[in-house]
Structure formats: C-alpha cells, structure tokens
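Peer 1: coords below, sequence missing:
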C-alpha cells in the first residue's frame, strides 16, 4: 500500500521499509491508528501479481471508523482529513 500524506503545502508519498507480510489491511489500519503516518490524505492499494492499483481510502476510512467505534475510542486527529475526504467521495 502507498500512503499519501500532506505536510504543510507539499505532498509526500510515504514508503516505509516493511515486510510484505506486514502490509495487509489489518496492519495498515493498526499503523494508521498508532500514528505511523502523519496526516494521510489517501491510501493506494496495489497488487502487481493481479494487475490492479486503486484508491482504497474509502474502505480504509470505513474500517478506521468501525475500529474506533468497536474500541470506544476517538479517531486520532491525524486521521480526520482522510476520513472526511473519503466520506465526501
């Protein structure tokens, strides 16, 4: 997955060195909730072996809201922009 982040007025693609096994949906949700990415604005999923690349921000935002509701916790401030933008799509 690729996480696009905005810091000030510049766009930054966040590529973290990680094992392929640690890039599944659950790991991405955990990393976002733990603050591993600062102010993400979209999440791009890709599977080169299946030949697809797509914006998965809406799916990630739904999972983030559901996880926060399940755990009775607030959505971290750093994720509000991602979730709000996904809700408008």
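Peer 2: Cool, the structure landed. Just so it is clear, the model here is predicted, and its values are computed rather than measured. Residues are numbered from 1 along each chain as shown.

Peer 1: mind listing what's buried along stretch 72-86?
Peer 2: For stretch 72-86, burial by neighbour count (16 or more other C-beta atoms under 10 Å) applies to 75, 78, 79, 82, 83, 86. C-beta: built from backbone N, CA, C; applies to glycine.

Peer 1: quick one: average confidence on it?
Peer 2: Confidence over stretch 72-86, taken as the mean pLDDT, stands at 93.

Peer 1: how far off centre is it?
Peer 2: On the basis of C-alpha atoms, centre = their mean, to the nearest Å, the separation between the geometric centre of stretch 72-86 and that of its chain is 10 Å.

Peer 1: need the residues that contact that stretch.
Peer 2: Identification of contacts with stretch 72-86 by C-beta atoms under 8 Å, 6 or more residues apart in numbering yields 6, 32-33, 35, 37-43, 57-58, 60-62, 64-65, 68.
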